[in-house]
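# Return atomic coordinates for the entry below.
(2 chains)
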Amino acid sequence: MQYYLLIPFLPLGAFFVNLLLGRRVVRGQAHWPSTLAVLGSLAVSVMVLLDVLEGRTLNEDLYRWILSGDFQVSVGFLIDQLTAVMLIVVTSVSFLVHVYSIGYMHGDPGYYRFYAYLSLFTFSMLMLVMANNFLQLYFGWEAVGLCSYLLIGFWYQKRSASDAGKKAFIVNRFGDFGFGLGVIMVFLTFGTLYYLPVFDNAGDLAARSINILGLEVNLITLIALLLFCGAVGKSAQIPLHVWLPDAMEGPTPVSALIHAATMVTAGVFMVARLNPLFSLSPAAMDVVALVGGVTALFAATIALVQNDIKRVIAYSTISQLGYMFMACGVGAFAAGIFHLYTHAYFKALLFLCAGSVMHAMGGEVDMQRMGGLRRYMPVTYVTMLIASLSISGLPGLAGFFSKDEILFRAYSAGGVGVVVWVLGTVSALLTAFYSFRLVFLTFHGGFRGTEEQRHHLHESPKVMTVPLMLLCAGAIAAGWVGIPPLLGGGGQFSEFLAPVLGHPEAEASHAEEWMTMGLSVLVAAGGVLLALLFYLRNPEIPVRLAERFRPLYSLLWNKYYVDELYDAVVVRPTIFVARNVIVGFTDGALIEGVVNGLPGLVGWLGARVRRIQDGLLQHYGAVMALGLFLIFAIALITLS
Amino acid sequence: MVPLHWYLWLGSVVFAIGMFGFLTKRNVIIMLLSIELMLNGVNISLVALSHYMQDLRGQILVFFIIVVAAAEAAIGLAIVIALFRNKATAHVDEITGMKG
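Reported below is the predicted structural model:
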């Protein structure tokens, strides 16, 4: 099964080709190495999936990375059911985004750079999901963060883009600090960083607690929560969600690949991968579920009022990631991964459709200046409609099965599960509403842009619409592998993942399952109808509502003032300390004081001592004579 | 027989006269002459002590000093001539180009 090595290293090769030859040789053809490499990875991933389906999993070290005393880490690969699913998700979405970008990024001066970064990202993400130890996971984790930074700030000439890149990177530092501590704690506790020995020994340590600042903390809970910090940052959950909406400054294919389908789901993948650890700590699980549930609702409410087409989808992504954590938190890891997998397709599709719209509108992102685009771009319209139906949970489409699975599992888990079930169901209503608000504002009604924009409206080229259609097939059919038994399916998806993620039995009757399912369909339909009423039938209703509930509206419009809060609490004090303490005191007084002070002292002394050398020979002679007398006197005194 | 300390007094007086001349005169030529006086004052002491201690090494040292003094006089006068040609003066208090 050695051929699996091709999966990460083909994109790495393409990265080096574009990096070294991109500017001079490859230039406008930069998409060839990258796209072919990721196509190769996709093909090998399918072969790996077939192998895994036959039950052949693999866990081996490729190269010993670090050996220091007891500490040993290798570059190693763990290929099991979970990895196989992630490989398919990453390589397939990545491939389609590569193809789409040929059209979207055509003629950009940084074309080769874009493809080099995309390849590097694909490599990093694949290393992350294929890791068999925590350190390689961490390596991939940071490497995708780097690629995210590079691609958000891809148009670095634009101030807002480079700021957004920095914001994404710095906000992730907060989460990754916890993640890094978590990895260190794992090593200190278990003496190894390999997944399997850690999972095997975790059970024995479930009851052990350690003392931190006088507080008795359960060790596993501490480790799980520290690791979850990383997931909160990477997957943009409350309170570290602020970077993802700003990340929309990057090119739209990047938003589709990195900030919807793959990188941001790394947090969910990590929690699922480490499920033996998380399952041992009910407290940590409750935190995961609650953070997920609150984030799902919180982000969905913001999405209701935003006008930037990409930001609406970004908040939708945050909300859907919340669903995934919700599932993981109630122990239904397979449901979380199932939603990750269907979400990758319909959300990438939403983003790419938004990109197609922006392409036609000459980079316009304000939905209030769009409208009626369905006549001009039918393919984009139909695919976006299907993606929106899928995310809203229309029965039969991918999003329905995965979201329904999550809501049902949450409900049947009881306790915190019921709370997050309520949060999730309300979010489902909002999701349907804002998704169709986006569709109606963009594609229906009359055109509200300028005459010049109307003149340019056109359907995107084939190289962009074909990936849309393929993703659309995914948004429709991806869920069919996980149809629950209640609807006559086999639930094969969770069966397939059961060896890795366990097999939680739902303790609920069929009636309750029908109830949760019916309710989620009802709220989805309600959301769509409400959007229809608000934005097609009676466009003055939302305006009047905004007038009526002005404080609430401005709260949502300003995203709950979280950015302003962080600006006041974190950013300004940091800049204040940097200016006054670091620059003013440490750098200015301390370091510059020593560096400039020593030469100053020598110069000052020199200025005084040089007076002695006045060039008069007699003075020198007098000093010599004086010295002679001194020696003479000392000799006389000591000898007599 | 002249006692040793007479010779030593003579050497000291010659040395002191040389040193006084060196410190007080401004003319370079006179200063060079004063240096010769100081060297010869030392020479008198060395020869006297050499004789007193019946050790010829003192007189060998005197020969070295005479040779070095000759060389010093030659080079010193050459420098003085070069200096005079450039500065049109032989007074040290007007030659302070090496001031720090």
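# which bits of chain A sit near chain B?
The interface of chain A toward chain B, taken as CB under 8 Å from any CB of the partner chain, is made up of A:R610, A:R611, A:I612, A:Q613, A:D614, A:G615, A:L616, A:L617, A:Q618, A:G621, A:A622, A:A625. (Each C-beta comes from the backbone N, C-alpha and C, glycine too.)
# Let me know the helix or strand that the fifth one is in.
Remark: A:D614 resides in no helix or strand, with elements defined by DSSP states H and E.
# Return the distance of it relative to A:A622.
12 Å (CB to CB, to the nearest Å).
# Over to the first one?
With distances taken as CB to CB, A:R610 is found 18 Å from A:A622.
# Mind listing residues that contact stretch A:549-558?
A:T301, A:I302, A:L304, A:V305, A:Q306, A:L545, A:A546, A:Y561, A:E564 (CB atoms under 8 Å, 6 or more residues apart in numbering or on different chains).
# Is it possible to mark the buried ones in these?
A:T301, A:I302, A:L304, A:V305, A:Q306 (16 or more other CB atoms under 10 Å in any protein chain shown).
# which of the residues you listed lies closest to A:I184?
A:I302 (35.0 Å; CB to CB).
# Pretty sure the closest one sits against A:Y561.
No: using CB atoms under 8 Å, A:I302 makes no contact with A:Y561, being 11.1 Å away.
# got the residues of chain B near chain A?
B:19, B:22-24, B:26, B:31, B:92-93, B:95-100.
# which residues of the chain score low on pLDDT?
Answering for chain A, as no chain was given. A:1, A:504-507 (pLDDT under 70).
# not what I meant, chain B
B:100.
# Just the C-alphas of stretch A:141-157, formatted as PDB.
The C-alpha atoms that make up stretch A:141-157 are tabulated as PDB, following Å, rounded to 0.1, in the frame of the first residue of the first chain:
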ATOM      1  CA  TRP A 141      -2.300  22.300  11.500                       C
ATOM      2  CA  GLU A 142       0.300  25.200  11.400                       C
ATOM      3  CA  ALA A 143       1.100  24.700   7.800                       C
ATOM      4  CA  VAL A 144      -2.600  25.000   6.700                       C
ATOM      5  CA  GLY A 145      -2.700  28.100   8.900                       C
ATOM      6  CA  LEU A 146       0.300  29.500   7.000                       C
ATOM      7  CA  CYS A 147      -1.300  28.800   3.600                       C
ATOM      8  CA  SER A 148      -4.500  30.400   4.800                       C
ATOM      9  CA  TYR A 149      -2.600  33.500   5.800                       C
ATOM     10  CA  LEU A 150      -0.800  33.600   2.400                       C
ATOM     11  CA  LEU A 151      -4.000  33.100   0.400                       C
ATOM     12  CA  ILE A 152      -6.100  35.500   2.400                       C
ATOM     13  CA  GLY A 153      -3.500  38.200   1.800                       C
ATOM     14  CA  PHE A 154      -3.000  37.000  -1.700                       C
ATOM     15  CA  TRP A 155      -3.900  40.500  -3.100                       C
ATOM     16  CA  TYR A 156      -1.500  42.000  -0.600                       C
ATOM     17  CA  GLN A 157      -1.500  45.400  -2.300                       C
END
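# For it, list every residue counted as buried.
A:141-145, A:147-155.
# now, among those residues, which is nearest to A:V577?
Nearest to A:V577 among the buried residues of stretch A:141-157, with distances taken as CB to CB, is A:Y149, at 23.5 Å.
# hang on, the closest one is in a strand, isn't it?
No: using DSSP: H, G, I helix; E, B strand; the rest coil, the assignment for A:Y149 is helix, not a strand.
# distance between stretch A:538-555 and the chain's centre?
Centroid displacement of stretch A:538-555 relative to its chain, using CA atoms, centre = their mean, to the nearest Å, is 32 Å.
# Same question for stretch A:268-278.
16 Å.
# give me the element the nearest residue to A:L150 once chain neighbours are set aside is part of.
Closest residue to A:L150 apart from its sequence neighbours, by CB to CB, 6 or more residues apart in numbering or on different chains: A:Y117 at 5.1 Å. In this assignment (DSSP H and E), A:Y117 forms part of helix A:111-130.
# how about the CA coordinates for that helix, as CSV?
Extracted in CSV, the C-alpha atoms of helix A:111-130 (Å, rounded to 0.1, in the frame of the first residue of the first chain):
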residue,chain,number,x,y,z
TYR,A,111,-1.2,33.3,-11.1
TYR,A,112,1.7,30.9,-10.5
ARG,A,113,1.9,32.1,-6.9
PHE,A,114,-1.7,31.3,-6.4
TYR,A,115,-1.3,27.7,-7.6
ALA,A,116,1.9,27.2,-5.7
TYR,A,117,0.0,28.2,-2.5
LEU,A,118,-3.0,26.0,-3.3
SER,A,119,-0.6,23.0,-3.8
LEU,A,120,1.2,23.7,-0.6
PHE,A,121,-2.2,24.0,1.2
THR,A,122,-3.4,20.7,-0.3
PHE,A,123,-0.1,19.0,0.8
SER,A,124,-0.4,20.4,4.3
MET,A,125,-4.0,19.5,4.7
LEU,A,126,-3.3,15.9,3.6
MET,A,127,-0.4,15.6,6.0
LEU,A,128,-2.8,16.8,8.7
VAL,A,129,-5.4,14.2,8.1
MET,A,130,-3.0,11.4,7.4
